[in-house]
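**Student:** no letters, just coordinates:
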């Protein structure tokens, strides 16, 4: 069982001082990930009293023979991006505007092999392309190229009307495209050329007021957006899915105190979350899996933390939260969301020297 993973990351940054506390900056970057795996299909099975797991099918439709079933896997991508910003300072405020462009190229494949001979192991179900009638080789689980194209244009205005007060409204527009170009798409296992487009307008705002050098209060508002995953395109008839991006509206307000030895912060939050992703097998024969949105959830709660630093580098801290996470669909019973904690608590000791 052998896996080789390699990565790289490169960035070029350019900054220019435009005078009067204004400036321009640009960051162009690329990074990649490459996972090449050769592995047994079940690393726990061998040596058990079930010798039938040590068999492979070296000819399509033939009888299984002794061997060690395994697979080869490739999962690699490269991302390219560029972020441009212009800052214009006018004394009592700063205007920032710019754009973020990012795109990716991804290749993924998985094939069944006999690890003794490295010959194909024909164990996958028989599948034919519904459009062409071509049969998929039974050793190929998937062989797929995919891409994303993502752009954001944004503007943010930081206002400083009086000392200690910052008011920062902003706005961004998002366009997001996914595309699959697969010889053998994952799950369906036949050739598909599919794409989906999503967009959103996302306002946000923050108010921060430093009452004293050690005490401040803040409030935040933001809209959120999450495009459906690539698996939405791993279906026989994508047009039958009705899934839309997940969206959130987020509010938070808090207070922070930082003294010579004592630090305290606390906040309250509320998140209205809609368009939860879900999938099911369509009741219509021949349609297969479809994706849809299954409603809304409201998250809210209160959080707090306290830290006290003793002389000599020793400090103690404690934090906790009380949380609410329930479905919020009119006309239906409000239910606790699975895996969402009702409360959290922690405590500890820090020492620095």
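**Tutor:** Received the coordinates, thanks. Since we're looking at a predicted model, the values are computed, not measured. Numbering: from 1, shown residues only.

**Student:** going by C-alpha atoms from here, please, whenever you check contacts or count neighbours.
**Tutor:** OK.

**Student:** quick one: residue 236 and residue 190 touch, right?
**Tutor:** No: using Cα atoms under 8 Å, residue 236 is not in contact with residue 190, being 9.3 Å away.

**Student:** what about those two, which has more around it?
**Tutor:** Shown here are residue 236 and residue 190; by other Cα atoms under 10 Å, residue 190 has more neighbours (27 against 19).

**Student:** so that one lies in a strand, does it not?
**Tutor:** No: read with DSSP: H, G, I helix; E, B strand; the rest coil, residue 190 is coil and lies in no strand.

**Student:** quick one, what contacts it?
**Tutor:** Listed by Cα atoms under 8 Å, 6 or more residues apart in numbering, the contact set of residue 190 reads 127-129, 136, 182-184.

**Student:** if residue 175 is in a bridge, with which residues?
**Tutor:** residue 151, residue 199 (DSSP bridges).

**Student:** picking that back up, show me which of the contacts of residue 190 are buried.
**Tutor:** For these, a burial check counting by 16 or more other Cα atoms under 10 Å picks out 128, 136, 182-184.

**Student:** sort out for me which of the residues you listed are in strands.
**Tutor:** Secondary structure defined by DSSP state E assigns 182-184 of these to strands.

**Student:** tell me the one among these nearest to residue 17.
**Tutor:** Using Cα to Cα, residue 182 comes nearest to residue 17 of these, at 46.8 Å.

**Student:** where does the residue of the chain positioned farthest from its centre sit: helix, strand or coil?
**Tutor:** Centroid-distance maximum for the chain: residue 63 at 43.3 Å, with Cα atoms, centre = their mean. Here residue 63 is recorded as coil under three-state DSSP.

**Student:** could you pull up the residues touching it?
**Tutor:** For residue 63, the contacting residues are residue 57, by Cα under 8 Å, 6+ apart.

**Student:** gap between it and residue 13?
**Tutor:** Distance of residue 63 to residue 13, computed by Cα to Cα, to the nearest Å: 60 Å.

**Student:** swap in residue 296?
**Tutor:** 41 Å.

**Student:** and the helix or strand hosting residue 107, what does it pack against?
**Tutor:** Here residue 107 sits within strand 93-114, counting by DSSP states H and E. Applying 3 or more Cα pairs under 8 Å, 6 or more residues apart in numbering; DSSP states H and E, we find strand 93-114 packed against strand 69-89, strand 140-159.

**Student:** mind putting those strands into JSON lines with mean pLDDT?
**Tutor:** Putting the helices and strands packed on strand 93-114 into JSON lines (pLDDT from 0 to 100) gives the following:
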{"stretch": "strand 69-89", "mean pLDDT": "97"}
{"stretch": "strand 140-159", "mean pLDDT": "97"}
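
**Student:** so for residue 257, which of these sits nearest?
**Tutor:** Proximity to residue 257 (Cα to Cα) singles out strand 140-159 among the helices and strands packed on strand 93-114, at 22.8 Å.

**Student:** I'd like the distance from that closest one to the chain centre, please.
**Tutor:** Chain-centre distance of strand 140-159: 11 Å, with Cα atoms, centre = their mean, to the nearest Å.

**Student:** just the pLDDT at the nearest residue to residue 298 once chain neighbours are set aside, thanks.
**Tutor:** Closest residue to residue 298 apart from its sequence neighbours, by Cα to Cα, 6 or more residues apart in numbering: residue 272 at 4.7 Å. With respect to pLDDT, residue 272 scores 95.

**Student:** gap between residue 272 and residue 246?
**Tutor:** 11 Å.

**Student:** need the helices and strands packed on strand 93-114 in TSV with mean neighbour count and distance to residue 99, can you?
**Tutor:** Output for these, formatted as TSV (neighbours: other Cα atoms under 10 Å; distance: least, Cα to Cα, whole Å):
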stretch	mean neighbour count	distance to residue 99
strand 69-89	19	5
strand 140-159	19	4
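
**Student:** I'd like the ones you listed laid out as TSV, including distance to residue 112.
**Tutor:** Shown next, in TSV, are the helices and strands packed on strand 93-114 (distance: least, Cα to Cα, whole Å):
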stretch	distance to residue 112
strand 69-89	4
strand 140-159	7
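
**Student:** closest to residue 288 out of those strands?
**Tutor:** Smallest distance to residue 288 across the helices and strands packed on strand 93-114 (Cα to Cα): 17.9 Å, for strand 140-159.

**Student:** for the closest one, packing partners?
**Tutor:** Contact here means 3+ Cα pairs under 8 Å, 6+ apart; on that basis strand 140-159 packs against strand 93-114, strand 165-184.

**Student:** which one of residue 296 and residue 13 is surrounded by more residues?
**Tutor:** More crowded of residue 296 and residue 13, by other Cα under 10 Å: residue 296, with 18 against 11.

**Student:** check what pLDDT that one gets.
**Tutor:** At residue 296, the model reports a pLDDT of 93.

**Student:** just checking, it touches residue 329?
**Tutor:** Yes: with contacts counted by Cα under 8 Å, residue 296 reaches residue 329, the gap being 5.9 Å.

**Student:** cool, thanks, signing off.
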